[in-house]
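1. quick check, what structure comes out for this input:
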Amino acid sequence: MTQGARNTPGRRTVLGAAVLGSAAAMALPATAQATERGRGGHGPSRPELPTLTIVGHRGASGYRPEHTLGSYQHALDLGAHVIEQDLVPTKDGHLVCRHENDITGTTDVADHPEFASRKTTKSVDGVSITGWFTEDFTLAELKTLRATERIPGTRQHSTLYNGRWEIPTFEEVLRWADEQGRRLGRRVWLYTETKHPTYFRGIGLGLEERLAKLLRRYGRDRRDSAIFLQSFEPTSIQRLAKLVDSPGVVLLSGAGTRPWDFQATGDPRTTDDLIKPAGLKWIASYAQGIGPTLDLIIPKDASGKLTTPTTLVRDAHAQGLILHPYTMRNENSFLPADFRRGTDPNAYGDAFGAFRTYFATGIDGIFTDNPDTGLLARADFLGR
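-> Numbers count the residues shown, from 1 in each chain. Now for the predicted structure:
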């Protein structure tokens, strides 16, 4: 993607979030076409990115330790349309896939006595964290570690796979995606996030230039590349927009929050400002979509039940932006109170009902830890 006028025309058409074109509509059954017309037709026009895109959140993180090739492969095998990676750097400048640079809870680093002295306390985006951090390890050192389940109390079944996979580099994921694409005869879509970009730039490990270099090397730097670039820091997407043409998405946290790059530069705007028409228009000047938390689509009341949907979907579509909110999970503890079943927080609730409610708002896709559940819910909603 590029900034300004060069990427504004046809933004949602390019990304497949405009009203369904004739070719894409023909790819849907008649019942699905009717459903699309009835709810405004906000869906991808490319056959490879169908309407209501299901994004495998950190792979299939509901079933495998997150951000491993095992998790990514399982998401692909389950049928996820797009697979997400989060990127953080190593000490020697490689980009690796971890949700956070603190790897205490997602690897067996604490079991390695040779790295005991690396445990430290840092302030990352204003939060004090004690643990082990990727930027204090070379890639070779990180490769001696193995991934573990992040929330073992909730997903005990996933602990079966502890120690099976190492931390992948983003380059390894790009190679994997190309290999799987050749196997399947289609492109494998990725959704790639820059994590804490202001923090990392401040310690001499800027993410965007490293990411752009890999995107160019593997042919994912074009407007029609099978990738979305995302960040909670709008300036990171702006920076990437100057380096590559890959479509960009601004992630939006909860109401009242303020992006860290805004805090660092004294920009007074909050998420509340960015989801207003003027804020969305500003985002649309350099990005092609937004990734809001689900609570920005349908807020919850004090008891955790859903209330009335906001106008965010309508307002974002008016600016030509796609919406891929996050994150749907099957467990009761993560579902709105309306859809919890029983008293066990780790048991599955009525995830299908929750998916249906969010789909009905007109969103273009959704992140989920359970791609198979999302795909079944999608099929139900579209009448397939």
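
2. count of neighbours near the residue lying closest to R258 once chain neighbours are set aside?
-> What sits nearest to R258 in space, not counting adjacent residues and going by Cβ to Cβ, 6 or more residues apart in numbering, is T270, at 4.7 Å. C-beta coordinates here come from the backbone N, C-alpha and C atoms, glycine included. T270 has 17 neighbours, counted by other Cβ atoms under 10 Å.

3. got the contact list for T270?
-> Residues in contact with T270 (Cβ atoms under 8 Å, 6 or more residues apart in numbering) are G256, T257, R258, F262.

4. just give me the longest helix of this protein.
-> The helix spanning the most residues in the chain, taking DSSP state H as the definition, is helix 170-184.

5. include pLDDT and secondary structure when you put the contacts of T270 into TSV, please.
-> Converted to TSV, these look like this (pLDDT from 0 to 100; DSSP: H, G, I helix; E, B strand; the rest coil):
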residue	pLDDT	secondary structure
G256	96	coil
T257	97	coil
R258	98	coil
F262	98	helix
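
6. who wins for most neighbours among those?
-> Going by other Cβ under 10 Å, F262 tops the contacts of T270 with 20 neighbours.

7. check what pLDDT the residue nearest to R258 gets.
-> Looking at T270, its pLDDT is 98.

8. how close does it sit to G279?
-> 9 Å (Cβ to Cβ, to the nearest Å).

9. what of K305?
-> Applying Cβ to Cβ to K305 and G279 gives a distance of 28 Å.

10. which of these two has more neighbours?
-> G279 (21 against 12).

11. on the three-state scheme, that one is what?
-> helix (DSSP: H, G, I helix; E, B strand; the rest coil).

12. I'd say it and D273 touch.
-> Yes - using Cβ atoms under 8 Å, G279 makes contact with D273 at a distance of 5.0 Å.

13. quick check: neighbours shared by the two?
-> By Cβ under 8 Å, 6+ apart, no residue touches both G279 and D273.

14. how about L323, phi and psi?
-> phi -130, psi 120 (degrees, to the nearest 10).

15. how many other residues sit next to it?
-> L323 has 25 nearby residues by other Cβ under 10 Å.

16. and A116, by the same measure?
-> With other Cβ under 10 Å as criterion, A116 counts 10.

17. how near is it to P234?
-> For A116, the distance to P234 - Cβ to Cβ - is 38 Å.

18. do G70 as well
-> In terms of Cβ to Cβ, G70 sits 33 Å off from P234.

19. likewise Y72?
-> 27 Å.

20. quick one: which of these two has more around it?
-> Y72 (30 against 23).

21. pull the number of nearby residues for the closest residue to that one other than its chain neighbours.
-> Leaving aside its chain neighbours, Y72 sits nearest to G59 (4.3 Å; criterion: Cβ to Cβ, 6+ apart). Around G59 there are 29 other residues, counting by other Cβ under 10 Å.

22. likewise the one 5 residues further on?
-> Neighbourhood size, R64 [other Cβ under 10 Å]: 26.

23. so S333 makes contact with T154?
-> Yes - with contact defined as Cβ under 8 Å, S333 and T154 form a contacting pair (6.8 Å).

24. so which residues of the stretch 51-200 of the chain form strands?
-> 53-56, 82-89, 95-97, 120-124, 127-131, 189-194 (DSSP state E, counting those that start in this stretch).
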